[in-house]
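S.K.: Whatever this is, show me its structure:
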Amino acid sequence: MPGLRVLFMGTPEFACPTLQMLLEHSGVEVIGVVTQPDRPKGRGQKLAHPPVKAMAIEHGIHVYQPAKVRTPEFIQIVLDLNPELIVVIAFGQILPKSLLDIPRLGCINVHASLLPRYRGAAPINWSIINGDCNTGVTTMLMDVGLDTGDMLLCRETPIQPDEDAESLYNRLSLLGAETMKETLEALIAGQLAPVKQDDALACYAPMLKKEMGRIDWNQPAETIRNLVRGLAPWPGAFTCLHGQTLKINQAALAGSSGEPGTILKAEKSGIEVACGQGSLLIQQLQPEGKRKMFAADFLAGNRLETGTKLG
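M.R.: Below is the predicted model of the structure:
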């Protein structure tokens, strides 16, 4: 019996475990992969394949890279492919109704939050920035809204106290693949029961911008630490030291008090800075134009006086 004809749409590393699951699933035939165009990368700004494209090429799957998916030319390509299902995860473009209506089983999106919370582009980051204890993955039937479609399956996971956006991203990418596999098997068995989202419970996770990372030392230490965790590795939380940008990559809570932004201690274990409530121990940082380093390495080449003001 031929497998379900599936068109996959995704771009970053986050989407790769789900594509791998589909490629290995005996009930599926991946008929093509749609991803974003190649982008310049690194210091040399050479064009680089998105991770999903690299995986598709490795498995001999045809790749489509439309600048915009809503053009009549691309809609015709999908009509000709005649998919029964489109699976979308971290693709990076909003799909028009003309595309959503093509597959007979609809379009299923894998979203990295417990919908209706954190609809939008950066759910992983915002769940940490806001100090949430739990997050998860939701599969949903797509409609023309921004992550507003009927929910299919939700899988919850705790956010560990020391977890940052990068490590949570890696964990949720695997949970996303598992949740999509469960969704697919329920779909094939005719056991899916879509549930409408409660819009009254919705909140949004807008795209990240560099300026969001500027630390306000008048905030409580826990709020600042959540910002550091939530913006790692990009765009990164930052402050200023002697007129230069200083990125904070890793920090812990400490219990001292003082004038917000003032360095209370500078030792090998970390640089302690007073906050609006409590203090923050900076453990790993990145001076402007230099590599990431632990506090001890930074202090070996930079004398920091107690009472120095950051920001």
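
S.K.: quick check: domain ranges of this structure?
M.R.: What automatic domain parsing lists as the domains of the chain is 4-201, 210-301.

S.K.: Dump the ones you listed to JSON lines, plus mean pLDDT, mean neighbour count and distance to Leu310.
M.R.: Quick note: C-beta positions are derived from backbone N, CA and C, even for glycine. Formatted as JSON lines, those follow (pLDDT from 0 to 100; neighbours: other CB atoms under 10 Å; distance: least, CB to CB, whole Å):
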{"stretch": "domain 4-201", "mean pLDDT": "97", "mean neighbour count": "18", "distance to Leu310": "20"}
{"stretch": "domain 210-301", "mean pLDDT": "97", "mean neighbour count": "18", "distance to Leu310": "5"}
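
S.K.: With distance to Lys309 as extra columns, can I get those in JSON lines?
M.R.: Shown next, in JSON lines, are the domains of the chain (distance: least, CB to CB, whole Å):
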{"stretch": "domain 4-201", "distance to Lys309": "25"}
{"stretch": "domain 210-301", "distance to Lys309": "5"}
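
S.K.: So which elements touch the lengthiest helix in the chain?
M.R.: What stands out as the longest helix in the chain, according to DSSP state H, is helix 165-188. In this structure, helix 165-188 packs against helix 16-24, strand 85-89, strand 107-111, helix 123-129, strand 134-141, strand 151-158, with contacts taken as 3 or more CB pairs under 8 Å, 6 or more residues apart in numbering; DSSP states H and E.

S.K.: Distance to Leu4 added to those, as TSV?
M.R.: TSV is the format used below for these (distance: least, CB to CB, whole Å):
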stretch	distance to Leu4
helix 16-24	9
strand 85-89	6
strand 107-111	11
helix 123-129	28
strand 134-141	15
strand 151-158	15
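
S.K.: For Asp198, find the nearest of those.
M.R.: For the helices and strands packed on helix 165-188, the distance to Asp198 is smallest for strand 151-158, at 9.9 Å, taking CB to CB.

S.K.: Can you identify each of the strands in the stretch 151-300 of the chain by residue range?
M.R.: With DSSP state E, counting those that start in this stretch, the ranges of strands along the stretch 151-300 of the chain come out as 151-158, 237-241, 244-254, 263-267, 270-274, 279-287, 293-294.

S.K.: CSV please, covering those and showing distance to Ala193.
M.R.: Shown next, in CSV, are the strands of the stretch 151-300 of the chain (distance: least, CB to CB, whole Å):
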stretch, distance to Ala193
strand 151-158, 8
strand 237-241, 42
strand 244-254, 43
strand 263-267, 56
strand 270-274, 50
strand 279-287, 46
strand 293-294, 51
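
S.K.: Just list the residues touching the spatially closest residue to Glu73 that is not a sequence neighbour, thanks.
M.R.: What sits nearest to Glu73 in space, not counting adjacent residues and going by CB to CB, 6 or more residues apart in numbering, is Pro66, at 8.0 Å. Residues near Pro66 by CB atoms under 8 Å, 6 or more residues apart in numbering: Val34, Pro37, Glu73, Phe74.

S.K.: which two from those end up farthest apart in space?
M.R.: Farthest apart among the contacts of Pro66 by CB to CB are Pro37 and Glu73. That separation is 14.6 Å.

S.K.: now the closest residue to Pro37 other than its chain neighbours: how far from Pro12?
M.R.: Sequence neighbours aside, Gln65 is the residue nearest to Pro37 in space, at 4.8 Å (criterion: CB to CB, 6+ apart). From Gln65 across to Pro12, the span is 14 Å (CB to CB, to the nearest Å).

S.K.: on that earlier part again, distance of the residue nearest to Glu73 relative to Ile102?
M.R.: From Pro66 to Ile102 the distance is 14 Å (CB to CB).

S.K.: With Thr71 instead?
M.R.: Distance from Thr71 to Ile102, counting by CB to CB: 14 Å.

S.K.: quick revisit: in terms of helix, strand or coil, where does the residue nearest to Glu73 fall?
M.R.: Put simply, Pro66 is coil when judged by DSSP: H, G, I helix; E, B strand; the rest coil.

S.K.: quick one, phi/psi of it?
M.R.: Backbone torsions of Pro66, given as degrees, to the nearest 10, read phi -70, psi 140.

S.K.: Leu152 is in contact with Glu182, correct?
M.R.: No: counting by CB atoms under 8 Å, Glu182 stays clear of Leu152, with 9.1 Å between them.
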